[in-house]
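Undergrad: Got a predicted structure here, sequence first:
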Amino acid sequence: MTLKIGVIGTGAIGQDHARRITQSLSGATVVAVTDIHPQQAQEVVQKLGLNATVYANGHDLIAAADVEAVLVTSWGPTHEEFVLAAIARGKPVFCEKPLAVTAEGCMRIVQAEVEHGKRLVQVGFMRPYDKGYRALKNVIDSDQIGAPLIVHCAHRNPSVGDGYTTDMAITDTVIHEIDVLRWLLDDDYASVQVVYPKKTRNASSHLADPQIILMETAKGVRIDVEVFVNCQYGYDIQCEVVGETGIARLPEPSAVPMRSQARNSVAILTDWKQRFIDAYDVELQGFIDAVRQGEVGGPSAWDGYAAAVTADACVLAQKTGDIVPVRMAPRPAFYGR
Ligand SMILES: NC(=O)c1ccc[n+]([C@@H]2O[C@H](COP(=O)([O-])OP(=O)(O)OC[C@H]3O[C@@H](n4cnc5c(N)ncnc54)[C@H](O)[C@@H]3O)[C@@H](O)[C@H]2O)c1
Ligand SMILES: O[C@H]1[C@H](O)[C@@H](O)[C@H](O)[C@@H](O)[C@H]1O
């Protein structure tokens, strides 16, 4: 049976996920969409040739009898209410990051899911599905570089709009490193700190850019993440793990090396949609396949909570300049180890 999906929020990633469900993936179809701009939702239906009803709001869409699973791709502050509504109806829900904009909000979702008694929520952290990160984890887990000691990361976007604020460098951008490094190292965070280098002249007046996030894990690994969202030159994700006996780097996305006009060059991507296109496909196909078998896997509501607690500590650290401890609630047995 084809899984019938309803999409809440038909902006950049909502459209992209609707496109991949319709054109690239198998086993699912988009039967419902909604957006606070209904005209835009209607345009997406037409553009992608969907056989989908446009609902007035997310709650009506979740309640619709033919919607079997929900995709939440609206703005972050709206995620919590839609995920809670889906859980209340026992419908599986794939929620783009952030699961909720506060750790308390994520905890409300964790509690609702635990009370429901079965996993319903997958969070859209796609990097653990990226084949480069998977290869890097394989090197670490098979002990080829010894125990990890230090991780150096960079998360660079070419530019951001005026609405992008200093805390979004954490909640929108570094949140990916917060999640993927926890998975990569099989560790949790103990403390965080934020330091500010000289500011780029290409950032808007209200935005601190670049920033350096320093994190220490429970096992004592030290991590530095450079987040630079107006780097101009491309979309560039770097990760280098220093182990006891060797160093392993995240592979670069494959591109054709070119010799031309007296240059030996390799192109750099400029768009996050392209950089992780395969990972998005694999994560969403995984959600569809699992739900069709009556299950939900992948990054859990607990992973969403862990990321939010760490992000909250980073945002506090941005303001105080202090080393801020990361204090997580005890992990419910429901989520395994
Ligand atoms: N995993 C990733 O790499 C990744 C990439 C991009 C975006 N995201 C996340 O996805 C979410 C959406 O990001 P985006 O870039 O598509 O933003 P966007 O602004 O392009 O799209 C969001 C859409 O949601 C709609 N919306 C807002 N409130 C709504 C509501 N209450 N009900 C219905 N629709 C509503 C807006 O009108 C807009 O069309 C964000 O949380 C973002 O962090 C994740
Ligand atoms: O929402 C996007 C997306 O999550 C990208 O992966 C990230 O690089 C951007 O900084 C963020 O704004």
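TA: All right, it came through fine. Ligands and ions are numbered 1, 2, ... in the order given.
Undergrad: now residue 302: how far from ligand 1?
TA: Distance, residue 302 to ligand 1, by C-beta to the nearest ligand atom, to the nearest Å: 18 Å. Where you see a C-beta, it was placed from the backbone N, CA and C, and this is true even at glycine.
Undergrad: out of everything not next to it in sequence, what's closest to that residue?
TA: The spatially closest residue to residue 302, leaving aside those adjacent along the chain, is residue 335, at 4.1 Å (C-beta to C-beta, 6 or more residues apart in numbering).
Undergrad: List the contacts of the one you found.
TA: 300, 301, 302 (C-beta atoms under 8 Å, 6 or more residues apart in numbering).
Undergrad: Tell me which helix or strand the residue lying closest to residue 93 once chain neighbours are set aside sits in.
TA: Closest residue to residue 93 apart from its sequence neighbours, by C-beta to C-beta, 6+ apart: residue 86 at 3.8 Å. Assigned by DSSP states H and E, residue 86 belongs to helix 79-88.
Undergrad: re earlier: reformat the contacts of residue 335 as CSV; add pLDDT, secondary structure and distance to ligand 2.
TA: Output for the contacts of residue 335, formatted as CSV (pLDDT from 0 to 100; DSSP: H, G, I helix; E, B strand; the rest coil; distance: C-beta to the nearest ligand atom, whole Å):
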residue, pLDDT, secondary structure, distance to ligand 2
300, 98, coil, 19
301, 98, helix, 19
302, 98, helix, 20
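Undergrad: What segments of the stretch 151-300 of the chain are strands?
TA: Using DSSP state E, counting those that start in this stretch, the strands of the stretch 151-300 of the chain run over 189-195, 211-217, 222-228, 236-243, 247-249, 258-260, 263-265.
Undergrad: Can you give me the neighbour number for residue 254?
TA: Using other C-beta atoms under 10 Å, residue 254 has 7 neighbouring residues.
Undergrad: no wait, residue 320
TA: For residue 320, the count of nearby residues is 10 (other C-beta under 10 Å).
Undergrad: Phi first, then psi, for it.
TA: Phi and psi for residue 320, reported as degrees, to the nearest 10, are phi -100, psi -30.
Undergrad: Over to residue 34?
TA: Reported as degrees, to the nearest 10, the phi and psi values for residue 34 are phi -150, psi 150.
Undergrad: which residues touch the closest residue in space to it that isn't next to it in sequence?
TA: In this structure, residue 34 finds its nearest non-sequential neighbour in residue 55, 4.2 Å apart by C-beta to C-beta, 6+ apart. Taking C-beta under 8 Å, 6+ apart as the contact definition, residue 55 lies against 6, 32, 33, 34, 61, 64.
Undergrad: Just the ones of the residues you listed in strands?
TA: Of the positions in these, 6, 32, 33, 34 sit in strands, assigned by DSSP state E.
Undergrad: what sits opposite the third one in the beta ladder?
TA: Residues in a beta bridge with residue 33, per DSSP bridges, are residue 7, residue 54.
Undergrad: do you know how far residue 24 is from residue 175?
TA: Counting by C-beta to C-beta, to the nearest Å, the gap from residue 24 to residue 175 is 25 Å.
Undergrad: nope, residue 189 is what I was after
TA: In this view, residue 189 and residue 175 are 12 Å apart by C-beta to C-beta.
Undergrad: and whichever residue of the stretch 151-300 of the chain sits closest to ligand 1, how far is that from residue 27?
TA: Proximity to ligand 1, evaluated over the stretch 151-300 of the chain using C-beta to the nearest ligand atom, is greatest for residue 172 at 5.3 Å. Residue 172 is 30 Å from residue 27, where distance means C-beta to C-beta.
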